[in-house]
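Asks: Here is my input; please provide its structure:
(chains A and B)
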Amino acid sequence: MMRRKSDLVRWSALILAWSAVIASTAQAQGTSTISGRVVDQVGTPIVDASITVAQPAVATRSRKDGRFSLTVPDRSSGPVVVTARRLGFRPSSRTITLRAEGVTADFTLESQPAQLSGLTVTALGILAEKSTVGTSQQTVMAEEFTRTQANSVIGALSGKVSGVAINQSGNMGGSTRIVIRGAGSILGQNQPLFILDGIPISNEGFSTASASGGRDYGTALSDLSPDDIASMTILKGPNAAALYGSRAANGAVVITTRSGRNTAEGTHFNFVSRLTFDGPSVLPSYQNRYGQGFSGEFAYVDGAGSGTNDGADESWGPQLDGRLIDQFSGKAQPWVARPDNVSSFFRNGLTASNSINVTAAAKGMGVRLSLTRDNTTGIVPNSTLERTSGTVSGSVAVSAKLDVSGSLLFSNGKGRNRPENGYTEGNPLMGFTWFGRQVDVSQLKRQYYNQNSVYGLEDGSLYNWNDNYHRNPYWQQYLNPASDTRDRLTGQLSATYRPASWLNALVRAGTDGYRFTADERFAPGNIDNADASFAGGFTSATSRARESNIEGILTTQRGFGSLDVTLNAGGNMRRNESYGVNFSTRGLLVPGVFNLSNSAITPTIGNSEMRTAVNSAYGSAVLTLRRLWTVEVTGRNDWSSTLPKENASYFYPSINSSLVVSDLWPAIARGRTLSYLKVRGGVARVGSDAGAYQLQTLYNGSSAKFAGQPLFSLSDVSANPALRPEQTRSAEAGFDAAFAGNRVTIEATYFVKLTRDQIIPLSISPATGFTATTINAGQISNRGVEALATWHVLQSRTGLQWTTSLNFAKVRNRVDALQQGLSTIIIASEWGANIEARQGLPYGTLFGNGYERDSATGQRLIVDGLPVASTSKSVLGNVNPDWFGGWTNQLRAGRWMLSALLDVQHGGENFSIGNWWGTYAGTLSNTLAGREADWDNPGVVAKGIDAATGATNAVRVTAEDYNHAIYPIHEAGIYNSGFAKLREVRLGYDVPPTAARRLRLSAANVALVGRNLATWTRFPNYDPENSAASGNGSKGFDMGILPTLRSFGFNVSLTP
Amino acid sequence: MTATRESLSMNRMHRSRGLLVCAAVLVTACSTDLTGINVDPNNPSSAPPAALFTSATNSAVSILNNSFVTLSMTSLFAQHIAQVQYVEEDRGHIRPENIDALNATIYSGPLADLKKVRVAGTAARAPGVWGPAAVMQTWIFQNLTDLWGDIPYSQALQGDSVGGSLAPAYDAQKDIYYGMLRTLTDASVAMKSAPTGGASLGAGDIVYGGNLQKWQRFSNTLRARMALRMLRNDRAMALAELTAALADGLLTSNDDNAAVAWPGDGTFDNPLASNFATRDDHRVSKTLLDTLIALNDPRTSIFAQPTKDDSSRYAGLQNGLDNATAAAFFNTTSRPGAIFYPGATVYGTFGTAAGKTTPSYLATFAEAAFIEAEAAELGIGGATGAAAHYRDAVTASITQWGGSASDAAAYLAQPGVVYAGGAEGLRQIGLQKWISMYTQGMEAWSEWRRTGNPATIRMGPQAFSDVLQVPRRIPYPGNEQSVNAVNLAAAIARQGPDTYLTRMWWDK
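Replies: Predicted structure coming up:
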């Protein structure tokens, strides 16, 4: 290739890997120097800001103290425009007339969360000028997700990023489910990939919770302290993430931690303290007119059926009129309502979070240390969570050409007595679904334990309101202790070598590992987990897992006249391994010793290990013409261990482009309205491998021996030795526009995502001998729009600023095709109702028994006064919201800052098992309708027509019979799960520097914060936003899930 | 740091070479075959047939003789048991999710495992391996078709075969019966001619410990059981099968009983005892207990306990009462017997080691003798001596449940029990067979469906409006509407509406 000499000279510009192209002109005619300082609104130096002059094109970056110096080769061409930019800040430009003796230009940058220009993180952690990015992404800065105390950094994103749906739970340290642009995979991971400072980290879900039991141990990302994070960038489509490989088919969240290097020289301390008080945001509305029993009758003898209906755990008993009735608390007790018997079980939760961090920076190096300690007291009695985490990170410029950096993150979380979830004895909320309305919970609290008896009472029996299916909730929480510990260690080392100005080589090795142990101990009398013949039981499960990555990337960036070129080539080796051991026994010999050696019966033991490996080679080319038209092409080839040899290698490419229309035709932006317009679009394909060991049908053994004989059973899932990689194809198109001199910005994207050849354990008729078979099948399409609009309503120089920001996403999701002859795939199932992927319908269709209806009129058919379940199942709803979004407002007045976030999910349905059984059990307030004082005069006339005569039903039935008839009619438990929540409110105050100095502080900020302060929903009794796990089946069913927490608190941030 | 032209050119060359080398290293490193590590270190891809058989038998019996299928379904229909609280099933409604669970576990568990044992045994030409598996599998299929009628059979269990159906068609019950009879005949013939000392399941056979002669008798007893069931609707086939089975020999003593003896070790316990250890929802049915009391039956105190309120009194509970009505009888009716249930009422003292080891029965000598008695009384199958078979059967049942031979003799001498012969003899055979099948709710219910005996079985007074008669079958698993909808619809079209009262082929 021939080049002109002048081009060769142009190449001599210093090119830094992460910055924009710099080119210098051949003939210098009198140079001039621009020097200055870049600071933020409160005067803190901003490091690594880029300072550019457009014509002649020169650039530099600010140093640790925010200072910069820039030499302009030719000062003859008149005034120049100098722009300072930094990721997370609004760019600032000044026009400067150059002088031979040099000029000074200082910049004060205002932080700006939503921005259309400036630097932004793209795949592989490469910083790029946002105007050159062809895909949709959104960056959230630290100040936005540390505004209030969410239960995890992901929970803190809720409502802030368009197209990102987040569901969180009220469990302390509980799970958070995040889905970007709708679920694409039928049964696989619908979670995005998380990248921490360049290396993938686990967001493994540890929750065992479902609508039928288990505990919510949270997701791995909650190990990160929000105070260690500088920014999170959400790469929404597979387009943006094509270079991260398979696991980013559902998008990627790129997390950048704070580092010592971005601070001014010297040593800096910062101390942040948060204190929040938690309570349940929603509790059911109970009826308080009728107590426990059936048919208006109740008298307690043993709580198991010996008395009059005393085995009943339902509230169809006598009217709560103060009459004297034998109760668990004694003979002839006043029969009165206990309206607070559920709410008073909960206590005030408290979360205290303290973190301290130290940064030390000197010439060419920086170190940051941080330590965070969280103490959480759960709203359920006797539940606590402690977390300690710390980071050490540092970087050193070994030479002018070599930079080395590394970081180590450790955390330890300890949970105590996290309550059980779902329809199980150990879940207090399950017990409350059936709780007799006259039960005095304070009595249960007082006497749950008696020194002379493990059950509570002197005669050896449990002090309880009902002995058939329920335990005293205090006994459950105090005498059946559960504990869990998670240790996490994530570390990485990287070296960047610049052998020449235009070439950059990066080698990075990282590992992310954790060890997790969950113990559960069961007192004698535990119905589900201890054999009644022995002295209690216990379970213990430990898992450890590690992912290691080694990556090498070569980058070259340079300009050819008006064309800027960036090339990347890289390779990655990923290794995953995990081990698990679990053991349990239902029978202990000596009470109180929870050791296998004390098992009275043969314990159950299991162990497992798993290994997978993926090697990858990838590359990308970015061409930018005249800084306004960019084309990016990427390609990646993976070699996976989990696919058959002949299918183990697969390639996937992407291409995207962006065009700054307003720069191409400046006339457009000359009007007063439109000031900036960029259009962008791209297409991508992402391949994906299978899980480990899915190519061979296997046999499962058992540690238990039947009278000494070993047992083996064929797996319930039949394997497929010919699996192919699955593919996601996507296309997106959108625009970024600014109006009224950048006061209003709008970013909008339309996207289509097709996930096909999915590797799924397809549910098949069990008559095949298998409940599922592993196949490549199906296509799910997600089509949708996402938009983000920001309006800087007020930007007064006197300090009054108001910014309002709206984000919105609507995702149309459809199961286009499945396997031949199959019309549906079952994703999850509870009580005979399924969440399914049905062909032609949205992913997440609720399928179950409706009311039997007259085929002609659609009216419910009534038999003997009662509705009946349809004999065949039908589609009853769809768990996905119609649209979701958030509305953020930020008001700054001088040193005061008020912000509020409204988080909205509109539409979608849940099969609310909690409402279903609560209605059946007569505890919820909706069961008062038609209740009768006189049992011979029933009060409910069911809506519908008599099945025999066709006439409008007029048969009167009791409320008890009517509400019992809703089982097994799933339709009776299906409700719209849309909601709007006042998710965050924060009132902050920056202490004036003079006052801060008196406290020997350089800066101080205090704030009042609140989360989930209000919920608006049509969903009855329970929190519609419930996610006790991060898996696919965790949305759409709810049973006894703790409501999200309503919190109030204080934040204090001190910088000495 | 402005580079000179010279250094730039050099760098260019270096770059090109560097890139090439790097690319070469990357590609070689990356494309190394990784698939070798994809071998599951935890689970094998083959397993010993004996271990599969043990697992399959344990789980088949745990599923079909457990508290759901027995206590909350078939024993209610047979009116051996009644529910005193949580009475949905006794009023006629089986919980759909339980039906789904039964269907899912029985096919994907024991039936699939037994198929693998049959395949391995056939490949090894070892009737001692595949024979018992074929008989065990047939016992399961017979239970399933007697529950639902038409079920997937000929196309079932092919989910891992190339070209195998992932949505198996439902076979007509007649064809299933024919298929099962053929399987049993083949197994009987092969096991009879199996060389002594040939491959067997050994101690992995938790029914007979590898005794092929007993398997053959069990097989023949199942054939005879099915033959009687077909007698009304397919007489010629029934007679031929009955004759062949009787000629080959049924179970000959209680030592031959096809049963799983539970270790009672806290892991493998009698499933009914496990239920009684924590639940107190069941009582002995009034229909059964009234019969026992009227006949002064020595099994009364074995099958039932005295009431809590009056320790000298036995009283059964009327089936099919609603919650409030049934609850009143909580302490005035008899819990199931001490064989499971030590009778304590304070929570935490339920369940004894003895109860946990009570065997679960698949087929008994008593049943075999009742079959011979019935055949003799009807003059079919080459059987003779109805009275002697009847006495053997009643004696076997009483001793099976821990009574003595003298108890049995005294009982058999009583009016009403002493064999009368003729139509009354047939009624006595049916009644005693029904009594003997306590804990075998499925067979007791099927026998009632076949003979209508005892006639005292009537649906309870507070039954749900769509189940006003005793169920003749149960509805299909709802899950099949999702995963096998077309074939399910075809079965319903052939057999009749998917309700409790539709009669299946042999019950028509």
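
Asks: What is the neighbour count of residue 476?
Replies: Answering for chain A, as no chain was given. Counted with other CB atoms under 10 Å in any protein chain shown, residues neighbouring A:Q476 total 26. In short, each C-beta sits where N, CA and C put it, glycine included.

Asks: To clarify, I was referring to chain B.
Replies: For B:Y476, the neighbour count with other CB under 10 Å is 25.

Asks: Likewise for A:S540?
Replies: There are 18 residues near A:S540, going by other CB under 10 Å.

Asks: For it, report the pLDDT, please.
Replies: On pLDDT, A:S540 comes in at 96.

Asks: shouldn't it be in contact with A:T517?
Replies: Yes. Contact criterion CB atoms under 8 Å: A:S540 and A:T517 qualify, at 7.0 Å.

Asks: In the stretch 301-450 of chain A, what residue comes closest to chain B?
Replies: Proximity to chain B, evaluated over the stretch 301-450 of chain A using CB to the nearest CB, is greatest for A:G305 at 4.2 Å.

Asks: Now that residue: closest residue in space, sequence neighbours ignored.
Replies: Among residues not flanking A:G305 along the chain, A:G311 sits closest, at 3.3 Å (CB to CB, 6 or more residues apart in numbering or on different chains).

Asks: what's A:G303 in contact with, if anything?
Replies: Taking CB atoms under 8 Å, 6 or more residues apart in numbering or on different chains, we find A:G303 in contact with A:D310, A:G311, A:F328, A:N464, A:W465, A:N466, A:D467, A:N468.

Asks: Do a quick rundown of the strands in the stretch 451-600 of chain A.
Replies: A:482-500, A:503-522, A:537-560, A:563-585 (DSSP state E, counting those that start in this stretch).

Asks: Kindly reformat these as JSON lines containing distance to A:F808.
Replies: As requested, those are exported to JSON lines (distance: least, CB to CB, whole Å):
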{"stretch": "strand A:482-500", "distance to A:F808": "34"}
{"stretch": "strand A:503-522", "distance to A:F808": "34"}
{"stretch": "strand A:537-560", "distance to A:F808": "35"}
{"stretch": "strand A:563-585", "distance to A:F808": "33"}
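
Asks: can you tell me which of those strands comes nearest to B:K192?
Replies: Proximity to B:K192 (CB to CB) singles out strand A:563-585 among the strands of the stretch 451-600 of chain A, at 44.8 Å.

Asks: Moving C-terminal from that closest one, which element do we reach first?
Replies: strand A:604-625 (DSSP states H and E).

Asks: Using CSV, list the CA coordinates for that following strand.
Replies: Output of strand A:604-625 as CSV, limited to C-alpha atoms (Å, rounded to 0.1, in the frame of the first residue of the first chain):
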residue,chain,number,x,y,z
THR,A,604,-28.1,-38.6,52.5
ILE,A,605,-24.9,-37.5,50.9
GLY,A,606,-24.1,-36.1,47.5
ASN,A,607,-21.2,-34.6,45.7
SER,A,608,-20.7,-33.2,42.2
GLU,A,609,-18.2,-31.4,40.1
MET,A,610,-18.4,-29.7,36.8
ARG,A,611,-16.0,-28.3,34.3
THR,A,612,-16.4,-26.3,31.1
ALA,A,613,-14.0,-24.4,28.9
VAL,A,614,-14.4,-21.9,26.1
ASN,A,615,-11.6,-20.5,23.9
SER,A,616,-12.3,-17.6,21.7
ALA,A,617,-10.7,-15.5,19.1
TYR,A,618,-12.1,-12.2,18.1
GLY,A,619,-11.6,-9.0,16.3
SER,A,620,-13.2,-5.7,15.4
ALA,A,621,-12.6,-2.8,13.1
VAL,A,622,-14.0,0.6,13.6
LEU,A,623,-13.9,3.1,10.8
THR,A,624,-14.9,6.7,11.4
LEU,A,625,-15.1,9.1,8.6
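
Asks: give me the number of residues near the residue of the stretch 301-450 of chain A closest to chain B?
Replies: 25.

Asks: Same check on the one 10 residues further on?
Replies: With neighbours defined by other CB under 10 Å, the count for A:S315 comes to 29.

Asks: What about it? Give its phi and psi, please.
Replies: Main-chain torsions, A:S315, degrees, to the nearest 10: phi -110, psi 60.

Asks: Give me the distance between it and A:L283.
Replies: 16 Å (CB to CB, to the nearest Å).

Asks: What does the pLDDT read for residue 192?
Replies: The chain I'm using is chain A. 89.

Asks: my bad, the chain I had in mind was chain B
Replies: pLDDT, B:K192: 94.

Asks: And the next helix or strand past the worst-scoring helix or strand of chain A on mean pLDDT?
Replies: Least confident helix or strand of chain A, by mean pLDDT, DSSP states H and E, is helix A:5-10 with a mean of 37. Per DSSP H and E, the first helix or strand lying C-terminal to helix A:5-10 is strand A:32-40.

Asks: Only alpha carbons, please: show the helix or strand following that next one as CSV.
Replies: Next along the chain after strand A:32-40, taking DSSP H and E as the criterion, comes strand A:50-53. Output of strand A:50-53 as CSV, limited to C-alpha atoms (Å, rounded to 0.1, in the frame of the first residue of the first chain):
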residue,chain,number,x,y,z
SER,A,50,-10.0,14.5,27.2
ILE,A,51,-9.2,18.0,26.0
THR,A,52,-9.4,18.4,22.3
VAL,A,53,-9.1,21.1,19.7
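
Asks: Packing partners of strand A:50-53?
Replies: Packing partners of strand A:50-53 (3 or more CB pairs under 8 Å, 6 or more residues apart in numbering or on different chains; DSSP states H and E): strand A:32-40, strand A:58-61, strand A:67-72, strand A:80-85.

Asks: do you know how far the residue in the stretch 401-508 of chain B that chain A sits nearest to is from A:G184?
Replies: Among residues of the stretch 401-508 of chain B, the one nearest chain A by CB to the nearest CB turns out to be B:N484. It sits 3.9 Å away. Distance, B:N484 to A:G184, by CB to CB: 27 Å.

Asks: So which residues of the stretch 651-800 of chain A form strands?
Replies: A:674-688, A:699-701, A:712-714, A:717-718, A:726-739, A:744-763, A:772-795, A:800-817.

Asks: so A:L503 sits right up against A:T555, yeah?
Replies: Yes. Between A:L503 and A:T555 there is a contact at 7.5 Å, judged by CB under 8 Å.

Asks: Quick check: neighbours shared by the two?
Replies: Joint contacts of A:L503 and A:T555 (CB under 8 Å, 6+ apart) do not exist.

Asks: Give me the buried subset of the contacts of A:G303.
Replies: A:D310, A:G311, A:F328, A:N464, A:W465, A:N466, A:D467, A:N468 (16 or more other CB atoms under 10 Å in any protein chain shown).

Asks: Tabulate these (a markdown table), appending pLDDT.
Replies: Formatted as a markdown table, those follow (pLDDT from 0 to 100):
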| residue | pLDDT |
| --- | --- |
| A:D310 | 88 |
| A:G311 | 87 |
| A:F328 | 90 |
| A:N464 | 85 |
| A:W465 | 89 |
| A:N466 | 88 |
| A:D467 | 81 |
| A:N468 | 81 |
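
Asks: which stretch of helix or strand covers B:E443?
Replies: Per DSSP H and E, B:E443 falls inside helix B:441-451.

Asks: Let's see that helix as CSV, backbone CA atoms only.
Replies: Output in CSV follows, covering the C-alpha atoms of helix B:441-451 (Å, rounded to 0.1, in the frame of the first residue of the first chain):
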residue,chain,number,x,y,z
GLY,B,441,-56.7,-49.9,47.4
MET,B,442,-56.1,-50.1,43.6
GLU,B,443,-56.9,-53.8,43.4
ALA,B,444,-59.8,-53.6,45.9
TRP,B,445,-61.3,-50.8,43.9
SER,B,446,-60.8,-52.6,40.6
GLU,B,447,-62.4,-55.8,42.0
TRP,B,448,-65.4,-53.7,43.1
ARG,B,449,-65.6,-52.2,39.6
ARG,B,450,-65.5,-55.7,38.1
THR,B,451,-68.0,-57.4,40.4
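
Asks: I'm done for today, thanks for sticking with me.
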